[in-house]
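Undergrad: coordinates only, sequence not included:
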């Protein structure tokens, strides 16, 4: 097939482009901005557009399919040209479903933990020599791309994002996959630019459950009150419902151990109650795919984590520096508490960047109340240029302290001041936790902190 990507530079988009290119399809693409690592990866594969921008003349009638990214707009000139020529236009989740209609589909949904659960499942299946396709939101050790499609594989594992699919398909991505095995890890209001109310966000998850294939299973976290209500609201006689929770464990010398069969234990390379709960979800899915508990625990003991999910940036005898993608209130709170519990004898400094539409909205800030209270020292950074780029109202240090319900929080809104703060941190004995879905004003954290 000849496939053209409009907005090829996105994380999922460029990985899907690479996967299809590796299969032997003819792939082209366009974008008005492409950042690392997409730029270098596309360049190495010979898929980097020669010029940035949108060019209607690039759309010819010999193209078999257009894959449209959310970064593009509905009046994109290439999209309009494709529609005029009658070329099929897909969002990437729509295309993934089209490519996996004959496979067993596993979809991991929820407001938090999706990438980690998906990564754990992929790691175990690979360790157990199981063949499968996948779509995941982060680079994982041992996997060249974040997407794989192979017509010979009978299973596909998908991270099911609730954000919208494309400018012309404004439905949550995870509504398009129709899973046979579904996971919900929790519901915590997010993406208020597309879900302006709690009810609209909640209904997206109700519809996800309604779209599970008849005879399928929903594996859900029973510690979430919103999921308890959802399961009661969505009970279906043609589905199995299986709950999971926090497994038994102990922490010794900053290492977490899980009891397994015959009084034995396995030591884990990751930590935190939220990650142990994620592991339990992964175990339930792997069992549905034919992996027994003994094999699961043997494999999961080798799992080091997904990129930017409590990723160790630096460590020595005096300091630990962790980097995490946490940005929503529930993710922030769980990640901070995990580090504080694991390193109870250390001072824990937590720095988070407000970067998303939700986090930079002053009306959403109260959702963060108490989220950073467990930290020994809490810092919130935001870049006023990001607010301007997203066309959001200005926020102040007082707005942030009020929203977080914590007057002790230090607020920084200048990259140079942030750089100086990080350089100061480098001199202290502490555990530092850096949480952001942004780029810290372009600072090179590894150089400054390590």
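TA: Great, that's in hand. Just so it is clear, the structure is predicted and the values come from calculations on it, not from any experiment.
Undergrad: Assign residue 307 to helix, strand or coil.
TA: coil (DSSP: H, G, I helix; E, B strand; the rest coil).
Undergrad: now it: how far from residue 249?
TA: 24 Å (C-beta to C-beta, to the nearest Å). Every C-beta, even on glycine, is put in place using the N, C-alpha and C of the backbone.
Undergrad: Kindly report the same for residue 234.
TA: With C-beta to C-beta as the criterion, residue 234 and residue 249 are 31 Å apart.
Undergrad: cool, residue 395 as well?
TA: Distance from residue 395 to residue 249, by C-beta to C-beta: 39 Å.
Undergrad: and what of residue 239?
TA: Residue 239 is 30 Å from residue 249, by C-beta to C-beta.
Undergrad: Can you verify my assumption that residue 282 contacts residue 113?
TA: No. Using C-beta atoms under 8 Å, residue 282 is not in contact with residue 113; the gap is 9.8 Å.
Undergrad: Which secondary structure element of this structure has the lowest mean pLDDT?
TA: Every helix and strand of the chain was ranked by mean pLDDT, DSSP states H and E. The lowest is helix 445-449, at a mean of 79.
Undergrad: what residues does stretch 387-401 touch?
TA: Contact partners of stretch 387-401, identified using C-beta atoms under 8 Å, 6 or more residues apart in numbering, comprise 354, 357, 360-362, 365, 380, 382, 384, 407, 409, 411, 413.
Undergrad: now those residues in TSV, with pLDDT and neighbour count?
TA: Formatted as TSV, those follow (pLDDT from 0 to 100; neighbours: other C-beta atoms under 10 Å):
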residue	pLDDT	neighbour count
354	95	26
357	88	15
360	93	21
361	92	19
362	91	15
365	95	22
380	97	25
382	95	21
384	92	12
407	95	8
409	96	21
411	97	18
413	95	20
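Undergrad: Which residues does the longest helix along the chain contact?
TA: Secondary structure assigned by DSSP state H gives helix 273-288 as the longest helix of the chain. Residues from elsewhere that reach helix 273-288 (C-beta under 8 Å, 6+ apart): 106, 108, 112-113, 116-117, 120-121, 124-125, 181, 183, 185, 217, 219, 221, 223, 242, 244-247, 249, 256, 258, 268, 293, 296, 300, 305, 310, 334-335, 337-338, 341.
Undergrad: Which positions in the helix or strand just after it come out as buried?
TA: Using DSSP states H and E, the helix or strand that directly follows helix 273-288 along the chain is helix 293-300. For helix 293-300, the neighbour count (16 or more other C-beta atoms under 10 Å) marks 296-297, 299-300 as buried.
Undergrad: Could you report the distance from the closest residue to residue 211 other than its chain neighbours to residue 425?
TA: Counting by C-beta to C-beta, 6 or more residues apart in numbering, the nearest residue to residue 211 once its immediate chain neighbours are dropped is residue 178, at 5.4 Å. Separation of residue 178 from residue 425 (C-beta to C-beta) stands at 47 Å.
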